[in-house]
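Colleague: Below are the sequence and a predicted model for it; my questions follow.
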Amino acid sequence: MSVRLTAGAIQDLITDSEVTNPVLQCLKMRQVANTSGPTRYRLMMSDGRHSYSSFLLATQLNHLPENNLLEPNCVCKVKKTTTNTLQDGRRVLVVIDMEILQSGEEAGGKIGDPTPFAADGMTTSPMKASPMKTSPFESSPMKTSPFKASPMKTSPFKASPMKTSPYKASPSKTSPYKASPMKTPPYKASPSKTSPYKASPMKDNSSPAGSSTKVIPIASLNPYQSKWTIRARVTNKSNIRNWSNSRGEGKLFSFEIVDESGEIKITAFNKEVDKFYSLVEQGKVYYITKGTLKVANKQYNSLNNDYEMTLHANTSIVPCDDGQDIPAVHCDFIPIAELENKDNNDIVDVIGVCKSAEDVSRITTKSSKEVSKRALHLIDTTGKVVTATLWGEEAEKFDGSGQPVVAIKGARLSDFGGRSLSASFSSTVMINPDIPQAFLLRGWFDKVGFKLNSQSLTETRSAGGNTRINWKSLSDIKDEQLGHREKADYFSCIATVVYTRKENCLYKACPSDNCNKKVIDQQNGFFRCEKCNREFPNFKYRLLLSANLADFGDNQWVTCFQETAEVLLGHSAETLGQLRDTDEAAFDEVFQRANFTAHIFKNRVKLETYNDETRVKVTVLEVQPIDHREYSRRLLSNIRQLAG
Amino acid sequence: MASIVDVPKPRVNCSMLSQHINRPVCFVGRVEKVHPSGSAFTLTDGDGKTANIELNEPLEEELSGVVELLGMVSNKGVIMATTYTILREDKGITFDLELYNEALKVIHDFPQYYPFEMAASG
């Protein structure tokens, strides 16, 4: 079944007449070299009546040809374009949004018999008007595309993509051009993502608020063009900051804007701060024109754009009422499991469900400032958890009840405790944002996620912030003399419990919170705690378990405190305390059952001196069930590594 | 008389079947298709290859998921199974067939460290 092309659409597009979602066939496509930046695809589109070869695909649609969705003879619905007029008057149509309706195979072949559209009357370039220059593509290879011939020589503009003869390359004739990308004035050679094509899209800048203004996408902004208007939404606005340094002082504020093509950071200094600070509001859409573009300072700017903008005296910012189609925020969320592969101090966007949140705490920073902080534990569909820290007002305002979806844009990744995130001054934290990824996460979490006993990238009982677990076997303790240095050594191992000492495993401790000191039984029904300097009528049982662990290499006596002992024995200290007094057989049974259970142990080992005797003491910090698959994979990788 | 359970049976996957013709083996794979008669079925191993299995008596139960079977490899590469065990996956941990396959490769690449045959006969 053939789809109908919108006849006459090519003419309409080029003459700027209204045409909605024309259906065109892509006859040919070609990759064009771009001196810096992503590849650009140039297309020859036909509406069945005319064909036109000066269509450029916006880089955000590059995935279409790269995944073979866009191929010769495929039929597409062109949803959004923008027109650029080159200095010589030729028009280039940039396709910003397009949907593939039929593949090349389904379409069968060229639909209709389109003739190349000669854009007569549109430009003053005599070249264009000449009918002889029809069908640059069908012509024999010897004739260089006249399209290219003349203007090339004069206008430095044609430097980049259009240089190469589009489809039928004729190396001899066009070689001066092929060589020239390098020789062209730096004017054209440098812009990274933006096609220099977009040089002068705006003919009419004087009325930015009018609907007759051509708006260009943020992604095409570059320092080499000065006449542009953009329409975007403010996603993040900072406060006014004053600075004072040796060169003087001043104030600034910055804000980030987003449109369908991308995002960019805008800064205003001194006078412009007064002019625009109250006008610009977060969440609203504005037309902005006449700002200065320069290369982005990645130290302060974490956005995905090579450039950033500065407002100046001639900048104009006008509110726009019709901003529904502009996205609210532009985020590239990284799955939590992949955070491990990122580098320390990278800026990332993350979204996850706040599985749990700690209470807000106040800490004093090195500069003696008191600040609030709160740690959240975020989980996503990869099943991994990471701890994110909020600061200041955001930490205080945060409400973790109901396990909300939290998205953080521009969070800083740190290697604290393995991997953790921090919401910095320039990050945006969104609770239950109105974006599709948030709904996906909510659905996943409610069905599956809440049950997951997931692995956190942030080790809460941080052993000095190791990014990797230090796996050792018990024989390594002696072989490598672990713990002999000044600082304690930390390691993890897989081992089996072979003996647990049930005598003297329980002691009576002070019942006050945070005090675990052993109390002295006054024999009068009261117990005295020396540390708290108080007497109590009660106590709490605490475990201090001595156990022997073994693996293939060696065995080792270790000490387990309350938490780890309870995991090993499977009972709380209180229960065991009572069991000891009531049912001795059951009490013994608990210890028997713990024997020959295998776990992952995270330990601290240190050489300690006690009354002239030095001994290596091992304390268990954490007990985890063995993840057999992870263990297998580690063993397999070790075997392969050893095999060389 | 020595039954198959008393004899050492190397663990194999499809690519190793040809080296074990007329010998007892242990094969682990995921059930793909069961023949209507119930006397034959196919299993896929960790590499994705398929093995044909034949039974002496037809199946009495529904066979699905990952199965471990003991049997002899015939000249044609078909495993004549004597017994099988279904590896339960309802306890929440699925059997990672690809990981098992990796382990098999290691066992066969380094037979000097995995002397199963000698240990059994000793």
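Modeller: Nice, thanks for sending it over.
Colleague: who touches A:W471 in this structure?
Modeller: A:F491, A:S492, A:C493, A:R634 (Cβ atoms under 8 Å, 6 or more residues apart in numbering or on different chains). Backbone N, C-alpha and C define where each C-beta goes, glycine included.
Colleague: okay, the closest residue to the last one other than its chain neighbours: pLDDT?
Modeller: Ranked by Cβ to Cβ, 6 or more residues apart in numbering or on different chains and with sequence neighbours excluded, the top spatial neighbour of A:R634 is A:W471, at 7.1 Å. If you check A:W471, the pLDDT there is 90.
Colleague: sorry, back to before: the contacts of A:W471: which two are farthest apart?
Modeller: Distance extremes for the contacts of A:W471: the farthest pair is A:F491 and A:R634 at 14.2 Å, using Cβ to Cβ.
Colleague: neighbour-wise, which of the two wins?
Modeller: A:F491 (23 against 14; other Cβ atoms under 10 Å in any protein chain shown).
Colleague: Where does that one fall, secondary structure wise?
Modeller: Using DSSP states H and E, A:F491 maps to strand A:489-500.
Colleague: can you tell me which of the contacts of A:W471 lies nearest to A:G108?
Modeller: For the contacts of A:W471, the nearest to A:G108 is A:R634 (54.5 Å; Cβ to Cβ).
Colleague: Look up how far chain B lies from the closest one.
Modeller: Distance of A:R634 to chain B, given as Cβ to the nearest Cβ, to the nearest Å: 11 Å.
Colleague: just A:T582 next, same as before
Modeller: The value you get for A:T582 to chain B, if Cβ to the nearest Cβ is used, is 34 Å.
Colleague: do A:E613 as well
Modeller: 41 Å.
Colleague: got a list of what A:A7 touches?
Modeller: With Cβ under 8 Å, 6+ apart, A:A7 has these contacts: A:D47, A:G48, A:R49, A:G112.
Colleague: for chain B, what spans make up the strands?
Modeller: Here chain B has its strands, by DSSP state E, at B:11-12, B:24-34, B:40-44, B:50-55, B:66-73, B:79-87.
Colleague: of all these, which lies closest to A:C560?
Modeller: Of the strands of chain B, nearest to A:C560 by Cβ to Cβ is strand B:79-87, at 33.9 Å.
Colleague: For the residue at minimal distance from the centre of chain B, list each beta-bridge partner.
Modeller: Residue closest to the average C-alpha location in chain B (Cα atoms, centre = their mean): B:F27, at 1.0 Å. Going by DSSP bridges, B:F27 is paired in beta bridges with B:V12, B:L69.
Colleague: if we can go back for a sec, need the strands of chain B in JSON lines (columns: mean pLDDT).
Modeller: Output for the strands of chain B, formatted as JSON lines (pLDDT from 0 to 100):
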{"stretch": "strand B:11-12", "mean pLDDT": "93"}
{"stretch": "strand B:24-34", "mean pLDDT": "92"}
{"stretch": "strand B:40-44", "mean pLDDT": "93"}
{"stretch": "strand B:50-55", "mean pLDDT": "92"}
{"stretch": "strand B:66-73", "mean pLDDT": "92"}
{"stretch": "strand B:79-87", "mean pLDDT": "91"}
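Colleague: Which of those strands sits closest to A:N638?
Modeller: Of the strands of chain B, nearest to A:N638 by Cβ to Cβ is strand B:11-12, at 20.4 Å.
Colleague: Need the contacts of A:A7 in a markdown table (columns: neighbour count, secondary structure and distance to B:V7).
Modeller: Below are those laid out as a markdown table (neighbours: other Cβ atoms under 10 Å in any protein chain shown; DSSP: H, G, I helix; E, B strand; the rest coil; distance: Cβ to Cβ, whole Å):
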| residue | neighbour count | secondary structure | distance to B:V7 |
| --- | --- | --- | --- |
| A:D47 | 26 | coil | 76 |
| A:G48 | 20 | coil | 75 |
| A:R49 | 17 | coil | 80 |
| A:G112 | 16 | coil | 75 |
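Colleague: Buried residues, stretch A:376-394. List them.
Modeller: Judged by neighbour count using 16 or more other Cβ atoms under 10 Å in any protein chain shown, the buried positions of stretch A:376-394 are A:376-381, A:384-391, A:394.
Colleague: do the same with stretch A:333-344
Modeller: A:F333, A:I334, A:I336, A:L339.
Colleague: go on, stretch A:514-527?
Modeller: In stretch A:514-527, the ones that count as buried by 16+ other Cβ under 10 Å are A:N516, A:K518, A:V519, A:F527.
Colleague: And the first one, its phi and psi?
Modeller: This points to A:N516. With angles defined as degrees, to the nearest 10, A:N516 sits at phi -120, psi 20.
Colleague: For chain A, which residues are neighbours of chain B?
Modeller: Within reach of chain B by Cβ under 8 Å from any Cβ of the partner chain, chain A has these residues: A:H628, A:R629, A:S632, A:R633, A:L636, A:I639, A:R640, A:A643.
Colleague: Among those, which ones are in helices?
Modeller: If you go by DSSP state H, those have A:H628, A:R629, A:S632, A:R633, A:L636, A:I639, A:R640, A:A643 in helices.
Colleague: from memory the fifth one sits against B:Y100, does it?
Modeller: When you say that, I think you mean A:L636. No - with contact defined as Cβ atoms under 8 Å, A:L636 does not count as touching B:Y100 (10.7 Å).
Colleague: higher neighbour count, those two?
Modeller: B:Y100 (18 against 15).
Colleague: A:A573 versus A:V386, what's the distance?
Modeller: Using Cβ to Cβ, to the nearest Å, we find A:V386 at a distance of 32 Å from A:A573.
Colleague: again, but for B:T94
Modeller: Computed as Cβ to Cβ, the B:T94 to A:A573 distance reads 36 Å.
Colleague: Pick out whichever of the two has more residues nearby.
Modeller: A:A573 (22 against 12).
Colleague: Now the phi/psi pair for that one, please.
Modeller: Dihedral angles (degrees, to the nearest 10) for A:A573: phi -60, psi -40.
Colleague: same deal with A:A7?
Modeller: Here is the backbone geometry of A:A7 (degrees, to the nearest 10): phi -60, psi 140.
Colleague: Check the spacing between it and chain B real quick.
Modeller: Taking Cβ to the nearest Cβ, one finds A:A7 at 50 Å from chain B.
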